[in-house]
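*Asks:* Just the structure for this:
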Amino acid sequence: MNIAIVGTGYVGLVSGTCFAEMGVHVTCVDVNEEKINALKAGKVPIYEPGLDEMVLRNCHEGRLNFTTDLTSVLDDVDIVFSAVGTPPDEDGSADLQYVLAVARQFGQNIKRYTVLVTKSTVPVGTAEKVKAVIEKELQKRGEEVPFDVASNPEFLKEGAAIKDFMSPDRVVVGVESEKAQEMMTKLYRPFLLNNFRVIFTDIPSAEMIKYAANSMLATRISFMNDIANLCELVGADVSMVRKGIGSDSRIGSKFLYPGCGYGGSCFPKDVRALIKTAEKNGYQMKVLKSVEEVNEHQKSVLFHKLSAYYNNDLKGKTIALWGLAFKPETDDMREATALVTIRLLLDAGCIVKVYDPVAMAECKRRIGNVVTYATDMYDAVLNADALLMITEWKQFRLPSWGVIVKSMKKALVIDGRNIYDVEEMKEAGVEYRCIGR
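*Replies:* Numbering: from 1, shown residues only. Alright, predicted model coming up:
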């Protein structure tokens with residue numbers, strides 16, 4: 001089977017590469033000529049464990065190709081995936097200009113039955129807009145070419161995207177014809193030979209599933225952060241509370257870890273977009289508004305703990321940050337807690353030293369040299385008045401506390417992910433603060 005994927009961002013590139021790995025002939029399309037030339041040269045523009053090797057292998061074996069011209073491949077493909085960006089507008093709604101541009105080009109150039117599948121995260125009702133654009137372009141041509149639209153939202157976790165794609169919990173596909181369902185079944189069957197976990201739905205339901213899933217996960221995080229903040233006030237231990245409620249089979253333990261807020265390209269954007277979709281339909285998502293409010297507050301919680309410790313006088317203090325990416329195993333800093341924390345620290349007159357195993361270049365691209373970039377995790381804490389642990393990279397889990405205590409001016413650690421043991425920190429001579437304990 002031959003397919004095209006328009007957009008070589010995170011979703012498009014991972015999806016295209018994984019399809020190629022399973023024997024599909026894939027052409028990835030992007031209007032950014034510089035990015036396409038880099039990919040042809042084997043340079044992968046994003047960090048995702050294992051992706052570089054997979055791209056190189058499939059390019060070498062001829063199953064993965066790159067181009068800037070969608071028109072040149074339309075005659076040879078059965079399915080076109082639209083994986084272009086849907087950045088938030090100023091009001092929080094999803095910007096569909098790139099999605100509709102793909103639909104327009106599709107309608108202008110298809111010559112035989114082809115399926116256009118929306119892979120991007122889009123609001124409910126987008127497929128109808130896409131279909132209308134295609135039909136309009138066909139009318140302009142004065143031709144009747146059969147086509148179908150479908151929705152196939154992605155559920156990839158950054159840092160584990162290849163595993164998620166190659167062995168998915170489920171694949172959701174929204175279709176409106178048997179022929180489209182047959183083609184999508186054929187495409188996904190190799191991934192799910194032992195257990196065919198494709199959920200076929202109508203298209204609006206598929207579009208809603210993605211937003212509802214991410215919003216539910218965001219809700220669990222904000223709920224636990226709210227509980228954690230209350231635990232501190234009443235003397236409870238949120239780690240024990242989490243174990244207690246997570247052992248209930250109706251609740252489960254996943255996404256019940258308190259911390260210093262969620263970020264990334266999905267949760268914040270999707271929560272806001274679902275709130276906006278509801279407003280456009282005359283409904284208020286009261287729970288999700290609170291989820292967003294709690295998360296925005298939580299991103300500043302480490303700063304407020306630090307400020308309280310130093311009696312609101314942080315001017316001239318040297319503060320170390322471990323972790324910049326919004327989560328481990330990625331260099332993605334979109335909506336990252338680190339960006340909020342850095343801004344607050346700088347506004348308070350602090351000297352900020354940062355270290356992240358992967359995201360240093362991305363941080364410099366975003367904020368320049370307003371912070372000091374450490375050479376390693378121990379360089380970051382040298383002569384620091386406090387260490388803020390923001391991203392729970394594995395290499396941060398068992399540091400040499402003896403070295404750190406000797407290196408810092410003040411052995412104060414504020415842990416935004418609760419990865420350290422209270423008693424061990426006490427024995428090491430560290431003043432330890434965390435979330436909800």
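*Asks:* make it CA atoms for all contacts and neighbour counts henceforth
*Replies:* Noted.
*Asks:* Now stretch 335-347: average pLDDT?
*Replies:* On average, the pLDDT along stretch 335-347 is 98.
*Asks:* what sits up against it?
*Replies:* Residues from elsewhere that reach stretch 335-347 (CA atoms under 8 Å, 6 or more residues apart in numbering): 260-265, 268, 299-300, 302-303, 314, 323-326, 333, 351-352, 390.
*Asks:* In strands, which of these fall?
*Replies:* Judged by DSSP state E, strands contain the following of the contacts of stretch 335-347: Ile351, Val352.
*Asks:* so how far is stretch 239-251 off the chain centroid?
*Replies:* Relative to its chain's centre, stretch 239-251 lies at 26 Å (CA atoms, centre = their mean, to the nearest Å).
*Asks:* List every C-alpha atom in that stretch, with coordinates, as PDB.
*Replies:* Extracted C-alpha coordinates of stretch 239-251, given in PDB (Å, rounded to 0.1, in the frame of the first residue of the first chain):
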ATOM      1  CA  SER A 239       1.900   9.700  48.300                       C
ATOM      2  CA  MET A 240      -0.100   7.600  50.700                       C
ATOM      3  CA  VAL A 241      -3.300   9.200  49.500                       C
ATOM      4  CA  ARG A 242      -2.400   8.300  45.900                       C
ATOM      5  CA  LYS A 243      -1.700   4.700  46.800                       C
ATOM      6  CA  GLY A 244      -4.900   4.500  48.700                       C
ATOM      7  CA  ILE A 245      -7.200   5.800  46.000                       C
ATOM      8  CA  GLY A 246      -5.200   4.200  43.200                       C
ATOM      9  CA  SER A 247      -5.800   0.800  44.600                       C
ATOM     10  CA  ASP A 248      -9.500   1.100  43.800                       C
ATOM     11  CA  SER A 249     -10.000  -0.700  40.600                       C
ATOM     12  CA  ARG A 250     -12.500   1.900  39.500                       C
ATOM     13  CA  ILE A 251      -9.900   4.600  39.700                       C
END
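*Asks:* Buried residues in it, which are they?
*Replies:* Ser239, Val241, Arg242, Gly246 (16 or more other CA atoms under 10 Å).
*Asks:* Name the helix or strand for the third one, please.
*Replies:* Pointing back at Arg242 there. Arg242 belongs to helix 238-246 when assigned by DSSP states H and E.
*Asks:* Without its sequence neighbours, what residue ends up closest to Arg141?
*Replies:* Leaving out its chain neighbours, the residue that sits closest to Arg141 by CA to CA, 6 or more residues apart in numbering is Gln108, at 7.4 Å.
*Asks:* The one you found: how many residues sit nearby?
*Replies:* Gln108 has 19 neighbouring residues, counting by other CA atoms under 10 Å.
*Asks:* Make sure Ile5 is indeed in a strand.
*Replies:* Yes. Looking at Ile5 with DSSP: H, G, I helix; E, B strand; the rest coil, it is inside a strand.
*Asks:* Domain map for this protein?
*Replies:* What the record gives for the chain is the domain set 2-201, 211-297, 299-433, from automatic domain parsing.
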